[in-house]
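Colleague: Dropping the sequence and predicted coords here.
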Amino acid sequence: MAGNLVKLIARHIRRNPRRTILTALTVALATFVFTVLVSVPASMDRIISDASTTLRLVVNNRTAPWYDLPARYCDPIRKMPGCAACVAVTGWPAVWRNVSEPVMAAGADPEIADVFPDYSLSAEHQRAISRERRSAIVGEVLMRKYGWKVGDQVTLRGTSAPPMTLTFIIMGTIKSRHYPNTFLISRRYLMESFREHGMGDVDFAWQLIVRADSPEHLAMLAREIDEHFANSDAETRSASESDALSTGLSALGNVRGIVFSLCAVVILTVMLIAANSTAMMVRERIGEVAVMRALGFGREAIAGLLFGECAIIGIAGGAAGAGLAWWMFSGGVTLGPVLNGNGALYVMPEQAIVGLVAAVFVTLASGLIPIAGALRIAPALAFRKVV
């Protein structure tokens, strides 16, 4: 019986191939969009979760995070108990060829390798950086976005005062998924360029990144840093990396709520389209349903036949859409301001499976009303019934 039912489903679904293909493509497109959308909050959660294991503190100016800190603050911090390393980081907002290709360059001192061991900067990379002050180490997602490769010369134009145009040589790639958009440069070279462009003898940092030597010392080290610089010209506010990232992402607004609202719109849209297609399919089958009922087929068998067609469309379209999303974005894609420059959008197998399940569920749910209506019609009336 089950084998015959499968044969009937396969035969019926080929009866109107144009409608079947168009419906499956609609489901595939909706599944693709849905899978990408649900990956945004999942990527945000992954960024914060990964940061909770790094033993890093982000030290900002207490007045406001956009105020600078003296880079020399790292000297006393390195001597504090529980501190494994400290590095001053100075940002430089720039563009590559035009304003649609932004790059946030991060100038850092050589201690960056000790603070960010997850960057996996090899000894060869570090020697290359020390030899060539114009060297840059770039995150793999940013490299892929702009088509760069190791050895390329990249000229960036600053978007803030003073106006500068600097050329860098890409010496290596950062494999870390935590900061795959990083454009890491020498802070000393950046400070020299600032002085050459009239900013005077400056040595400031946007923030200090400190790595503790153990999880037990993380909170203690944060308190000691803030207490040490209390009542100074530039007081500090220290927070764990995960807390700092959570604050930065929350400044974007209710991204999660917006994403889930868009997901609901996508699901409703594809449900209406699939319901329309199912209604036309049932209208064509109404005579066959009456014959099958007259021959003794139960409602369960007929419902299995009709829902089977819906399920095949959902599986085919869902697999195509979710598979395409996973293939395109499994390696990550930068979303710029959407994730506040942190991390990237990754479509993982979990989100692809969620997209496939959602597609099958929606196509089956869309058939409930038209299929239930067809099964309630008496066989004698079904021959004359126009659905």
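Modeller: Sure, I can see it. Numbering: from 1, shown residues only.
Colleague: any idea how this protein splits into domains?
Modeller: Per automatic domain parsing, the domain ranges recorded for the chain read 2-48+254-382, 68-233.
Colleague: what separates the first one from the chain centre, distance-wise?
Modeller: Going by CA atoms, centre = their mean, to the nearest Å, the spacing between the C-alpha centre of domain 2-48+254-382 and its chain's C-alpha centre is 23 Å.
Colleague: do the last one as well
Modeller: Its chain's average C-alpha position is 23 Å from that of domain 68-233, according to CA atoms, centre = their mean.
Colleague: Can you give me the end-to-end span of it?
Modeller: Terminal residues of domain 68-233 lie 11 Å apart, using CA to CA, to the nearest Å.
Colleague: Now do the strands for the protein: every range, in order, please.
Modeller: 56-61, 69-70, 83-95, 102-108, 135-139, 153-158, 165-174, 183-186, 204-205, 207-212, 236-240 (DSSP state E).
Colleague: what packs against the last one?
Modeller: It stands for strand 236-240. strand 56-61, helix 218-228 (3 or more CB pairs under 8 Å, 6 or more residues apart in numbering; DSSP states H and E). C-beta: built from backbone N, CA, C; applies to glycine.
Colleague: which stretch among the ones you listed comes nearest G314?
Modeller: strand 56-61 (44.4 Å; CB to CB).
Colleague: average pLDDT for the closest one?
Modeller: Strand 56-61 carries an average pLDDT of 92.
Colleague: Sheet-wise, list the partners of it with their directions.
Modeller: Strand 56-61 has the following strand partners under DSSP bridges: strand 207-212 (antiparallel), strand 236-240 (antiparallel).
Colleague: Run the angle between that strand and strand 83-95 for me.
Modeller: 60 degrees (axes from the mean of the first three to the mean of the last three CA atoms, to 10 degrees).
Colleague: roughly how far is strand 56-61 from the heart of the chain?
Modeller: 24 Å.
Colleague: so which of the helices and strands packed on strand 236-240 comes closest to L324?
Modeller: strand 56-61 (36.0 Å).
Colleague: Extract the C-alpha trace of that closest one and format it as PDB.
Modeller: Listed in PDB are the C-alpha atoms of strand 56-61, where the atom choice follows Å, rounded to 0.1, in the frame of the first residue of the first chain:
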ATOM      1  CA  ARG A  56      40.500  39.400  27.500                       C
ATOM      2  CA  LEU A  57      39.500  42.700  28.900                       C
ATOM      3  CA  VAL A  58      38.500  45.800  26.900                       C
ATOM      4  CA  VAL A  59      39.600  49.000  28.500                       C
ATOM      5  CA  ASN A  60      37.900  52.200  27.400                       C
ATOM      6  CA  ASN A  61      37.800  55.800  28.500                       C
END
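Colleague: Contacts for that strand next, please.
Modeller: 67-69, 73, 77, 115-116, 207-212, 218, 221-222, 225, 234-241, 244 (CB atoms under 8 Å, 6 or more residues apart in numbering).
Colleague: likewise stretch 29-47?
Modeller: 178, 245, 249, 255-256, 259-260, 262-263, 266-267, 269-270, 317-318, 320-322, 324-326, 329, 335, 338-339, 342-348, 350-352, 354-356, 358-359.
Colleague: could you give me the average pLDDT of it?
Modeller: Stretch 29-47 carries an average pLDDT of 82.
Colleague: Which of the residues in it are classified as buried?
Modeller: Within stretch 29-47, the residues that count as buried by 16 or more other CB atoms under 10 Å are 29-44, 46-47.
Colleague: before we move on, back to that, any idea which of the strands paired with strand 56-61 is most buried?
Modeller: Among these, strand 207-212 has the highest mean neighbour count (mean count of other CB atoms under 10 Å), at a mean of 24.
Colleague: That one vs helix 218-228, what angle?
Modeller: Using the same axes, to 10 degrees: strand 207-212 against helix 218-228 is 140 degrees.
Colleague: Please write out the alpha-carbon positions of strand 207-212 in CSV.
Modeller: Extracted as CSV, the C-alpha positions of strand 207-212 are listed here (Å, rounded to 0.1, in the frame of the first residue of the first chain):
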residue,chain,number,x,y,z
GLN,A,207,41.2,51.2,23.6
LEU,A,208,43.5,48.9,25.5
ILE,A,209,43.1,45.1,25.2
VAL,A,210,44.4,43.2,28.2
ARG,A,211,44.6,39.4,28.5
ALA,A,212,44.5,37.8,32.0
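Colleague: remind me which residues of the stretch 1-150 of the chain are low pLDDT?
Modeller: Along the stretch 1-150 of the chain, the model assigns pLDDT under 70 to residues 1-15, 51, 122-130.
Colleague: Would you map the helices across it?
Modeller: Assigned by DSSP state H, counting those that start in this stretch, the helices in the stretch 1-150 of the chain fall at 2-13, 17-51, 74-78, 112-115, 123-131, 140-146.
Colleague: so can I have a markdown table of these showing distance to R376?
Modeller: Shown next, in a markdown table, are the helices of the stretch 1-150 of the chain (distance: least, CB to CB, whole Å):
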| stretch | distance to R376 |
| --- | --- |
| helix 2-13 | 20 |
| helix 17-51 | 24 |
| helix 74-78 | 75 |
| helix 112-115 | 69 |
| helix 123-131 | 71 |
| helix 140-146 | 54 |
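Colleague: what about the stretch 201-350 of the chain, any weak spots by pLDDT?
Modeller: Ranges of the stretch 201-350 of the chain meeting pLDDT under 70: 248-256, 281-298, 335-343.
Colleague: and the gap between the residue nearest to D50 when sequence neighbours are not counted and G139?
Modeller: Spatial nearest neighbour of D50, chain neighbours left out: H178 (5.3 Å); criterion: CB to CB, 6 or more residues apart in numbering. To G139, H178 is 9 Å away according to CB to CB, to the nearest Å.
Colleague: before we move on, back to that, deepest-packed of the helices and strands packed on strand 236-240, please.
Modeller: strand 56-61 (a mean of 23).
Colleague: what's the closest of the helices and strands packed on strand 236-240 to N98?
Modeller: Evaluated over those, closeness to N98 peaks at strand 56-61, with 31.0 Å, by CB to CB.
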